[in-house]
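**Student:** Based on what follows, work out the 3D shape:
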Amino acid sequence: MKMTMHIDEALLARVMAAHGCESKTEAVDLALREMARKAGFRATVAVASPFSPAELRAAVEPSYDVAALRAAEPKAAYKARRVHGKRKRSGR
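**Tutor:** Prediction:
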């Protein structure tokens with residue numbers, strides 16, 4: 001849908017540069033999706049847990065150590081960085 005909007009050009013340029021957006025439309029879409037994601041997260045954490053602290057503690061194996069598991073994992077071989085499903089150009 002086409003719209004006319006008044007957007008701070010400097011702010012838009014900073015968002016585009018920081019996130020590798022190739023168009024203004026992509027930057028606005030990214031910003032709107034991020035705001036919707038944050039609102040959804042806030043709504044999720046605002047709901048009280050149906051579990052008591054004791055029930056939550058009992059749900060996890062006492063010997064479970066996430067830091068030790070992460071340290072034991074082999075390092076990943078990363079490829080070119082992808083930005084929103086697109087491969088980021090190396091010249092940027």
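**Student:** buried sites along stretch 46-63?
**Tutor:** The neighbour-count check on stretch 46-63 (16 or more other Cβ atoms under 10 Å) flags nothing as buried. (Each C-beta comes from the backbone N, C-alpha and C, glycine too.)
**Student:** first vs last residue of that stretch, how far apart are they?
**Tutor:** 30 Å (Cα to Cα, to the nearest Å).
**Student:** Return the mean pLDDT over it, rounded to an integer.
**Tutor:** The pLDDT scores in stretch 46-63 average 91.
**Student:** distance between that stretch and the chain's centre?
**Tutor:** Stretch 46-63 has its average C-alpha position 25 Å from the chain's average C-alpha position, going by Cα atoms, centre = their mean, to the nearest Å.
**Student:** Please apply the same query to stretch 55-66.
**Tutor:** The answer for stretch 55-66 is 26 Å, by Cα atoms, centre = their mean.
**Student:** now do stretch 45-59
**Tutor:** On Cα atoms, centre = their mean, the centre of stretch 45-59 falls 25 Å from that of its chain.
**Student:** So what's the residue count around L12?
**Tutor:** Number of residues near L12 (other Cβ atoms under 10 Å) recorded here: 15.
**Student:** Grab the longest helix from the chain for me.
**Tutor:** helix 24-46 (DSSP state H).
**Student:** what's that one packed up against?
**Tutor:** Under the contact criterion of 3 or more Cβ pairs under 8 Å, 6 or more residues apart in numbering; DSSP states H and E, helix 24-46 touches helix 9-19.
**Student:** Could you give the number of residues near V15?
**Tutor:** Around V15 there are 19 residues (other Cβ under 10 Å).
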